[in-house]
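# Requesting a structural model of the entry that follows:
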Amino acid sequence: MKIKALIFDVDGTLAETEEAHRNAFNRAFGETGLDWHWDPGLYRSLLKVSGGKERLRAFAESRQHPVTDVLVLALHRRKTEIYTAQVATGAVPLRPGIARLLGEARQAGLRLAIATTTTRANVIALMAGTGIEPGWFETMACSDDAPLKKPHPQVYETVLSRLNLPPSQCLAIEDSANGLRAAQAAGLAAIITPSLYTAGDDVSAAKAVWPDLGAVSLAMLTGEG
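All right, here's what the predicted structure looks like:
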């Protein structure tokens, strides 16, 4: 069936954002007086837990650190402030092919949507820093819209409901195994472009796996070329 909509994940898919997230977490820890530090190896393992607040809780529990909801919310709020201030300046560029494909998809009349476990503030800041217009996307489902994080399909189910399209007419673009599982659980086919932090994920069940979208045409992406 002809593809009518492209649904994009954000972190690791539109841009290599995870290092900026990691640094923002570490700054928030330091400002709060915590001796926590997430190095790249640890952060890679923590990314198996989707959602920043959920990641904080999982880390605290794994290290038997006492943590309250108040502390988690405060840490996450400060981390978001640090992250959004950084990416809004353009410090994190789009991944290869993203800007071109968004433009080509719009010209071709394809509908665009966002399905992410990150906050709306993070998405808007990234768009501000990379020249993407929020209005290009018919709908954006973010963490507040879907409390059940990937690999649960809730965020994709939310987008499909808003688009009023069947999964067979939509295509998900993701970077991780969690994202792939979420998309497939919602009935979607998914294209995977592994990111720096998800390069080791098993994404063999994807419709296609490419290093990035730099050499991928819109026809290749939608299976029409």
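
# Other residues contacting the longest helix seen in the chain?
For the chain, the helix with the greatest residue count under DSSP state H is helix 69-87. The contact list for helix 69-87, computed with C-beta atoms under 8 Å, 6 or more residues apart in numbering, reads 15, 17, 20-21, 23-25, 27-29, 31-32, 34, 52-53, 56-57, 60, 92, 119, 121-122, 124-126, 128-129. Heads up, the C-betas are built off the backbone N, CA and C, glycines and all.

# list the buried ones in that helix?
Leu71, Val72, Leu75, His76, Arg78, Lys79, Thr80, Ile82, Tyr83, Thr84, Gln86, Val87 (16 or more other C-beta atoms under 10 Å).

# Using PyMOL, make a named selection holding only the buried ones among the contacts of helix 69-87.
Buried residues among the contacts of helix 69-87 (16+ other C-beta under 10 Å), as a PyMOL selection:
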select buried, resi 15+17+20+21+23+24+25+27+28+29+52+53+56+57+60+92+119+121+122+124+125+126+128+129
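
# Of the contacts of helix 69-87, which belong to strands?
Cross-referencing the contacts of helix 69-87 against strands under DSSP state E gives no overlap.

# which regions of this protein sit below the pLDDT cut-off?
Applying pLDDT under 70 to the chain flags the ranges 225.

# can you list the domains in it?
5-16+93-222, 18-87 (automatic domain parsing).

# So which of those domains is the most surrounded?
Mean neighbours per residue, mean count of other C-beta atoms under 10 Å, is largest over the domains of the chain for domain 5-16+93-222, with a mean of 19.

# okay, how far is it across that one, tip to tip?
The first and last residues of domain 5-16+93-222 sit 9 Å apart, counting by C-alpha to C-alpha, to the nearest Å.

# if we can go back for a sec, in TSV: the buried residues of helix 69-87, plus distance to Ile173.
Listed next are the buried residues of helix 69-87 as TSV, based on distance: C-beta to C-beta, whole Å:
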residue	distance to Ile173
Leu71	35
Val72	30
Leu75	30
His76	26
Arg78	30
Lys79	26
Thr80	24
Ile82	27
Tyr83	22
Thr84	23
Gln86	24
Val87	19
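
# And those, which is closest to Arg106?
Among the buried residues of helix 69-87, Val87 lies closest to Arg106 (C-beta to C-beta), at 22.6 Å.

# now the longest helix of the chain, how far from the chain's geometric center?
For helix 69-87, the distance from its own C-alpha centre to the chain's C-alpha centre is 17 Å (C-alpha atoms, centre = their mean, to the nearest Å).

# now swap in stretch 151-158 and tell me
For stretch 151-158, the distance to the chain centre is 13 Å (C-alpha atoms, centre = their mean).

# Same question for stretch 37-44.
18 Å.

# Can you show me the CA trace of that stretch as CSV?
Written as CSV, here are the backbone C-alpha positions of stretch 37-44 (Å, rounded to 0.1, in the frame of the first residue of the first chain):
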residue,chain,number,x,y,z
HIS,A,37,28.5,10.6,36.6
TRP,A,38,27.3,8.9,33.5
ASP,A,39,30.2,8.0,31.2
PRO,A,40,29.5,7.0,27.6
GLY,A,41,29.6,3.2,28.4
LEU,A,42,27.2,3.6,31.3
TYR,A,43,24.9,5.9,29.3
ARG,A,44,24.8,3.4,26.5
